[in-house]
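A.B. asks: sequence plus predicted model, see below.
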Amino acid sequence: MKRILTIFLSFLLLTNFANSQSRFGELTEMRDKKMRGKDGQWVRPHPGPFVWNHIESEKGKFFWEDVDKYVVYAQDHNQTILATIWPHTNWDQKSCKRKKARSPFGKHFTKYLSKPCSMEDYKTFLIKLVDRYDGDGSNDMPGLTKPIIYWDVMNEPEFDMFFKGSEEDFVEIFNFSSKVIKEQQPDAVIVMAGAAGMFPENKKYWKSALPKIKDHFDIANIHHISGPDGQCDKELWVDEFADLLKSVDVDKPIWLTEAMTCGPPIKAYVNAFLSGAELIIDVGVNAPGKKMSKKSRKKLNEFISEYDGFVSIKSISKEEVEFTYIDGSTKNLNLK
């Protein structure tokens, strides 16, 4: 994996956030009390309630209770939601005899993961979804005080466990979704479907797909889960992802919206920030796969509490970085 030769001279200015906004978040699951995220941070419900099949399991009948619960909880805890949209519902997929998929999230998830049979029916769902949570005062969720602005369209489409379709199908769904959302909510921020790492197969897929969708998203999105060998990339793939974006002429902010670490998490996070990440969302304490030790989790939480809210980061030496805040103050961190 490529080393960052200039890491000790690098300077990263983070411009996409409000000045006091958190740089950290967690994947969340409301049914697990330990997976509901932290006050004042970002949350990415995963798979979350923004699933066409959960909301409109029968054509024309919309069920909002589960989504509302997530939104109300986030409001009460000053969390910012990154909502992942899953464009699949059973009744639509059956209408053109799509093949069933093996659900990555169990029996309560949609049984189909292909391109919608009717893009018009999907459009109706999207408009209803965005309209309920956009905060424009029309058809909003009762009691909505913190609108959803950030929309993550699909998840790791290069893996057939999450999407049963071609690259062309993905491109069509993604660009269509972005246009519909932006028409309904002009201030919406569209986040690219997260790339499932920077393994050779991922790079090949996204090198082809990115030029076709680059005009339809605002934030580039990478995931880092440990590989089959149980190892992790020391920059959590952010450096290689940044290189890939540059190679296809995509100049967008980078978010790391699934971060699993193998070694010391603080050093990995710092490396990711120095490599270009604006936001890092941890996979959560009870996420499947490799677990962070309680000791490491405690240290990470202390690090976030102490250093969150920075506007820039730079490397002072091989073992020291400096965080700068909106008021001009600085804090140094020794990585030894």
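C.D. replies: That came through fine. Note that the coordinates shown come from a computational prediction; the quantities given were computed from them, not determined experimentally. Numbers count the residues shown, from 1 in each chain.
A.B. asks: okay, now the unreliable bits of this structure?
C.D. replies: Scanning the chain for pLDDT under 70 picks out the ranges 1-20.
A.B. asks: helices along the protein, start to end?
C.D. replies: If you assign secondary structure with DSSP state H, the helices in the chain sit at 52-55, 65-76, 90-95, 119-133, 167-184, 200-213, 238-247, 265-274, 294-307.
A.B. asks: mean neighbour count added to those, as a markdown table?
C.D. replies: (Glycine included, C-beta is placed from N, CA and C.) Conversion of these to a markdown table gives the following (neighbours: other C-beta atoms under 10 Å):
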| stretch | mean neighbour count |
| --- | --- |
| helix 52-55 | 21 |
| helix 65-76 | 17 |
| helix 90-95 | 18 |
| helix 119-133 | 19 |
| helix 167-184 | 18 |
| helix 200-213 | 16 |
| helix 238-247 | 20 |
| helix 265-274 | 22 |
| helix 294-307 | 14 |
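A.B. asks: could you dump these to CSV with distance to Ile254?
C.D. replies: As requested, those are exported to CSV (distance: least, C-beta to C-beta, whole Å):
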stretch, distance to Ile254
helix 52-55, 28
helix 65-76, 23
helix 90-95, 33
helix 119-133, 24
helix 167-184, 18
helix 200-213, 13
helix 238-247, 6
helix 265-274, 9
helix 294-307, 19
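A.B. asks: of all those, which lies closest to Arg31?
C.D. replies: Proximity to Arg31, assessed across these by C-beta to C-beta, is greatest for helix 65-76 (10.2 Å).
A.B. asks: which of the helices of the chain sits closest to Ala259?
C.D. replies: Ranking those by distance to Ala259, with C-beta to C-beta as the measure, places helix 265-274 first at 7.4 Å.
A.B. asks: helices and strands around that closest one, which ones?
C.D. replies: Packed against helix 265-274 by the contact rule (3 or more C-beta pairs under 8 Å, 6 or more residues apart in numbering; DSSP states H and E) you find helix 238-247, strand 254-259, strand 277-282, helix 294-307, strand 312-317.
A.B. asks: so what's the residue sitting nearest the centre point of the chain closest to, chain neighbours aside?
C.D. replies: The chain has Thr257 as the residue nearest its centroid, 3.7 Å off, counting by C-alpha atoms, centre = their mean. Using C-beta to C-beta, 6 or more residues apart in numbering and skipping residues adjacent in sequence, the residue nearest Thr257 is Ile281, 4.6 Å away.
A.B. asks: my read is that that neighbour contacts Ala272, right?
C.D. replies: No. Distance between Ile281 and Ala272: 11.2 Å, which falls outside the contact criterion (C-beta atoms under 8 Å).
A.B. asks: next, show the common contact partners of those two.
C.D. replies: Counting by C-beta atoms under 8 Å, 6 or more residues apart in numbering, the common neighbours of Ile281 and Ala272 are 256, 259.
A.B. asks: rewinding a little: could I get the helices and strands packed on helix 265-274 as a markdown table with distance to Met119?
C.D. replies: Written out in a markdown table, the entries for the helices and strands packed on helix 265-274 read as follows (distance: least, C-beta to C-beta, whole Å):
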| stretch | distance to Met119 |
| --- | --- |
| helix 238-247 | 28 |
| strand 254-259 | 26 |
| strand 277-282 | 30 |
| helix 294-307 | 41 |
| strand 312-317 | 42 |
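A.B. asks: hang on, the earlier thing: you'd agree the residue nearest to the centre of the chain is up against Met192?
C.D. replies: No. Taking C-beta under 8 Å as the definition, Thr257 is not a contact partner of Met192, at 9.6 Å.
A.B. asks: residues touching stretch 119-127, excluding its own?
C.D. replies: For stretch 119-127, with C-beta under 8 Å, 6+ apart as the criterion, the contacting residues are 52, 55-56, 59, 85, 87, 89, 92, 116, 176-177, 180-181, 184.
A.B. asks: please read the previous query as pertaining to stretch 288-303.
C.D. replies: Outside of stretch 288-303, the residues within contact range by C-beta under 8 Å, 6+ apart are 225-226, 230, 260-262, 264-266, 269, 282-283, 285, 333.
A.B. asks: just the buried ones out of the residues you listed, please.
C.D. replies: 225, 260-262, 265-266, 269, 282-283, 333 (16 or more other C-beta atoms under 10 Å).
A.B. asks: tell me the one among those residues nearest to Asp39.
C.D. replies: Asp282 (14.9 Å).
A.B. asks: and the two most separated of the contacts of stretch 288-303?
C.D. replies: Taking every pair in those and measuring C-beta to C-beta, the maximum separation is 27.4 Å, between Gly230 and Leu333.
A.B. asks: just to revisit the earlier point, and Met30, which of the helices and strands packed on helix 265-274 is closest to it?
C.D. replies: Go through those one by one with C-beta to C-beta and the one that ends up closest to Met30 is strand 277-282, at 16.3 Å.
A.B. asks: quick revisit: which one of the buried ones among the contacts of stretch 288-303 is nearest Ile316?
C.D. replies: Closest approach between the buried ones among the contacts of stretch 288-303 and Ile316, by C-beta to C-beta: Leu333, at 9.3 Å.
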